[in-house]
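Q: how would this look folded up:
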Amino acid sequence: MSARGPLLAIDTATSQAVVALERPGGEPLVVAWPAAQRHGEELLATVERLLADAGVAPTALGAIVVGSGPGAFTGLRVGLATAKGLAHALAIPIVGIATAAALLDGPEAPPRALLLPAGPRDRVLVDRAGAHLLPAGSEPSLEPGTELLAVDLDGRAPAAAVTRGSAARDRLGPTLLRLGAARLAAGTADDLAQLVPEYVSLPRGVTTLAGAIEWSRDPR
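A: Numbers count the residues shown, from 1 in each chain. Okay, the predicted model is just below:
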């Protein structure tokens, strides 16, 4: 790690919220918990506890890394708002990393793809071509040899894919920190106003914004 302060990573794209903090010369400190729609109540308090336990003042942070999805509306909205609020208040850079890219991060071969839930019945497939909605009852079309990961899809995806997805999510905090550090080193931090989440599903009557996966849902 360079002379900058430690990075703080936040991800709320899946059912498990993650907060991770760099430690010079040591393994990152990571807190993960089942958020269950309580992101607004628990996220900032968890960040404050993690920093206090590590003896790191908020003003000592070097940047904020935040997972940008794809994910559900409530979690991503709170996670992005919290990350942006911290970056703005502390006047430090922010780096958005696609949660799917972090979960899929690994060796180039074999190709990997990720399944995520999009509401109670639909799913989203994320692969090298992007994110695609899979309506209920449809199955992903994968390149031969593709390694499939699934997150938050117990009983709705192959067991082996769920196991691989769980292992990837266990590494999510450190992976976000590593990818965020690489972006900072390359000088490609995000513009605070332009960083937007990528939603897999939206509340009834809410339409997509720039940066969201491009599909529509009947608001009725």
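Q: tell me which helix or strand in the protein has the weakest average pLDDT.
A: strand 199-201 (a mean of 77; mean pLDDT, DSSP states H and E).
Q: send the alpha carbons of the helix or strand harbouring Leu133 over as PDB?
A: For Leu133, the element it lies in under DSSP states H and E is strand 130-134. Extracted in PDB, the C-alpha atoms of strand 130-134 (Å, rounded to 0.1, in the frame of the first residue of the first chain):
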ATOM      1  CA  GLY A 130     -22.700  -8.300 -20.000                       C
ATOM      2  CA  ALA A 131     -25.800  -8.700 -17.900                       C
ATOM      3  CA  HIS A 132     -28.900 -10.500 -19.200                       C
ATOM      4  CA  LEU A 133     -32.300 -11.000 -17.700                       C
ATOM      5  CA  LEU A 134     -33.400 -14.600 -17.500                       C
END
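Q: next structured bit after it?
A: According to DSSP H and E, the helix or strand after strand 130-134 is strand 147-150.
Q: which helices and strands sit right next to that following strand?
A: Applying 3 or more Cβ pairs under 8 Å, 6 or more residues apart in numbering; DSSP states H and E, we find strand 147-150 packed against strand 112-118, helix 159-170. C-beta coordinates here come from the backbone N, C-alpha and C atoms, glycine included.
Q: and the longest helix belonging to the chain, what does it pack against?
A: In the chain, with assignment by DSSP state H, the single longest helix is helix 73-90. Judged by 3+ Cβ pairs under 8 Å, 6+ apart, helix 73-90 is in contact with strand 7-11, helix 39-54, strand 63-67, strand 94-97, strand 199-201.
Q: would CSV of those with mean neighbour count be doable?
A: Output for those, formatted as CSV (neighbours: other Cβ atoms under 10 Å):
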stretch, mean neighbour count
strand 7-11, 28
helix 39-54, 15
strand 63-67, 29
strand 94-97, 24
strand 199-201, 23
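Q: which among those is found nearest to Leu125?
A: Smallest distance to Leu125 across these (Cβ to Cβ): 10.8 Å, for strand 199-201.
Q: could you check the pLDDT of Ile213?
A: Looking at Ile213, its pLDDT is 43.
Q: same question for Thr207.
A: Looking at Thr207, the pLDDT reads 44.
Q: now Gln194
A: 95.
Q: how about it, phi and psi?
A: Main-chain torsions, Gln194, degrees, to the nearest 10: phi -90, psi -10.
Q: against Ala57, how distant is it?
A: As judged by Cβ to Cβ, to the nearest Å, Gln194 and Ala57 stand 28 Å apart.
Q: and Ala150, by the same measure?
A: On the measure of Cβ to Cβ, Ala150 and Ala57 end up 39 Å apart.
Q: again with Glu147
A: Glu147 is 41 Å from Ala57, by Cβ to Cβ.
Q: ok, these two, which is more surrounded?
A: Glu147 (17 against 11; other Cβ atoms under 10 Å).
Q: you'd agree the more buried one is up against Arg164?
A: Yes: at 6.9 Å, Glu147 and Arg164 qualify as touching, with contact defined as Cβ atoms under 8 Å.
Q: quick one: low-confidence parts of this protein?
A: 1-2, 109, 201-220 (pLDDT under 70).
Q: quick check: domain ranges of it?
A: 7-101+169-201, 107-167 (automatic domain parsing).
Q: show me how far the longest one is from its chain's centre.
A: The gap between where domain 7-101+169-201 is centred and where its chain is centred comes out at 8 Å by Cα atoms, centre = their mean, to the nearest Å.
Q: again with stretch 155-169
A: Per Cα atoms, centre = their mean, the displacement of stretch 155-169 from the mean C-alpha position of its chain is 17 Å.
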